[in-house]
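Asker: coords below, sequence missing:
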Ligand SMILES: CC(C)(COP(=O)(O)OP(=O)(O)OC[C@H]1O[C@@H](n2cnc3c(N)ncnc32)[C@H](O)[C@@H]1OP(=O)(O)O)[C@@H](O)C(=O)NCCC(=O)NCCS
């Protein structure tokens, strides 16, 4: 039956390249190499935004959940501080970091094991909504599709855990990064940490 064949292929395609339905903390090594990917299969079976992220990626990155308080978390905080706080003349307070204990922390590592990308997922008052925040990719690794891979990973993990909606506050200057991943604006611009932001969301 054509329908059942498609469903089976989708699972194989998803498990080969994306962390769909993977267990929490599973170590997922994504083979992101355009030449090794069957573009037709991707277009047929995965979300278009994820498909685009996979096709545009030009670098291998290991994606995984990291523990709050571990060495990887410290590296993630350093990256976030460098990219998201220091340029604004801000830094993280100990209480800010302690408040992240209940959050989900995701990170991407290069082939040498260096943490080069990270983000945080926070629970919200709505049981099936997560808020994505603190998305950062090392300056030397930007515009290679890694940020898109990381967000796609976060969405897959969130969906696998039953979440239905991802929300975020995008810095206005990088709004297009989220638009190309399928996020839509949900309100008027506002100021946060002293710079313009816009609320966005995506159904998972
Ligand atoms: C924003 C950020 C996470 C994007 O990560 P990235 O790995 O560079 O993004 P990708 O390579 O996956 O980008 C895919 C597409 O998103 C869009 N995009 C990416 N960065 C963008 C930016 N700074 N401004 C506008 N559009 C951007 C582009 O369309 C890009 O495609 P292109 O390179 O072919 O033009 C990264 O630039 C970063 O860490 N910036 C500093 C911290 C920050 O501002 N975080 C976001 C807070 S809301």
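Answerer: All right, it came through fine. The model shown is predicted, which means the values in this text are computed figures rather than measured ones. Residues are numbered from 1 along each chain as shown.

Asker: measure stretch 163-183 end to end?
Answerer: By CA to CA, to the nearest Å, the extent of stretch 163-183 from end to end equals 16 Å.

Asker: same thing with stretch 155-165?
Answerer: By CA to CA, the extent of stretch 155-165 from end to end equals 9 Å.

Asker: what's the answer for stretch 112-128, then?
Answerer: Stretch 112-128 end-to-end distance (CA to CA) = 36 Å.

Asker: does the ligand sit close to it?
Answerer: No. Contact of stretch 112-128 with the ligand is not found when judged by CB under 6 Å from any ligand atom; the minimum separation is 6.9 Å. Every C-beta, even on glycine, is put in place using the N, C-alpha and C of the backbone.

Asker: Go through that stretch and flag the buried ones.
Answerer: By 16 or more other CB atoms under 10 Å, the buried positions in stretch 112-128 come out as 115-122.

Asker: and residue 85, helix, strand or coil?
Answerer: helix (DSSP: H, G, I helix; E, B strand; the rest coil).

Asker: same check, this time on the one 5 residues further on
Answerer: Of the three states, residue 90 takes coil according to three-state DSSP.

Asker: correct me, but it touches residue 193?
Answerer: Yes. Contact criterion CB atoms under 8 Å: residue 90 and residue 193 qualify, at 6.4 Å.
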